[in-house]
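K.L.:
With the sequence up front, the predicted model follows.
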Amino acid sequence: MNCNHEDLQIGQALTEYKEANKSADAHTRGIALANNETIRTVHNSFAPQDLALREGYNRNQSSYHFTSYFPFAGRVIEMDGRKEGPYDLGPIGAGEDWRLLACSAISKRMRKYHGRDIDFNVLALISDQLAIHTARLEMAVQHKDETPWLISSLHELIDDEKDKMEQYKKDNIRRRHQYLPLIMDILTALAEQGKLVERFEVAKLKSVRHSYMIRSSHDGSSSDGSSSMGSSSSSSSSSSQRSSSTAEINTERESSEEDMD
């Protein structure tokens, strides 16, 4: 919300929040954000549905923490929710890429926690690639005699972006769906059929094998090709096992050792 990029549309809810609180201090803005029903509803909808049931879960402990870096008024700004306000990382020199300053700050923070069991992900907020490729395609069509190869390439890029958007929609549906009732029904049915312990041992063995392959890959014991192939094989086997389990529950028939493998 602190960026004024022409490609960035933050939507009605965030626009109203921004306008209503632009003169407020950071503490008041935080309270207003927490009390905004629309924003809170969307935010909570992405929380794992079974989070409170997980072993060792502490509702007062944050699972994730985000820190943002962006250019503003010729300077690079760091926004960290654990601090009272924004932190100025310094001016952007003439012809200098602001991301260099941001990368330096990110690297410094990651080195600070080196050796601890903390994972880091770096995300970039970029312009809509579908809109960019579409605009480029319109220009290329006007000069199709000069760039026939470019038109074909842009069509492929546009199709790829559309496929990604569809996949993102599916991922969000799966991320927000409550799978716990289904899982409990499957486990109950397997227990009633006397197959739960057996299936548990099979799944545990596959998990151990998968973890071993990952460690071997990180240690350089196996090539990238074999590691990728092994992961795909493990996922395929797990998927096959889940399909077999569902079929057994629906038909209540016995399966052979070969089916489980």
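P.N.:
The structure has been received and is ready for your questions. From a predicted model like this one, the values you see are computed outputs, not experimental measurements.

K.L.:
roughly how far apart are Tyr188 and Ile118?
P.N.:
Actually, residue 188 is Thr rather than Tyr. Separation of Thr188 from Ile118 (Cβ to Cβ, to the nearest Å): 37 Å. Heads up, the C-betas are built off the backbone N, CA and C, glycines and all.

K.L.:
for Pro86, phi and psi?
P.N.:
Main-chain torsions, Pro86, degrees, to the nearest 10: phi -70, psi 150.

K.L.:
Which strand or helix spans the residue nearest to it when sequence neighbours are not counted?
P.N.:
Distances taken as Cβ to Cβ, 6 or more residues apart in numbering put Ile77 closest to Pro86, at 5.0 Å, once the chain neighbours are dropped. In this structure, Ile77 sits in strand 75-80 according to DSSP states H and E.

K.L.:
Then Ala32?
P.N.:
Counting by DSSP H and E, Ala32 is part of helix 26-34.

K.L.:
hmm, who's touching the next helix or strand after that helix?
P.N.:
Next in sequence after helix 26-34, counting helices and strands by DSSP H and E, comes helix 37-45. Helix 37-45 is contacted from outside by Ala13, Leu14, Tyr17, Leu33, Ala34, Arg176, using Cβ atoms under 8 Å, 6 or more residues apart in numbering.

K.L.:
ok, the first one touching Leu33?
P.N.:
When you say that, I think you mean Ala13. No. Using Cβ atoms under 8 Å, Ala13 is not in contact with Leu33; the gap is 10.8 Å.

K.L.:
that older thread, now, the most widely separated pair of the contacts of helix 37-45?
P.N.:
Across the contacts of helix 37-45, the longest distance by Cβ to Cβ is 22.5 Å; it joins Tyr17 and Arg176.
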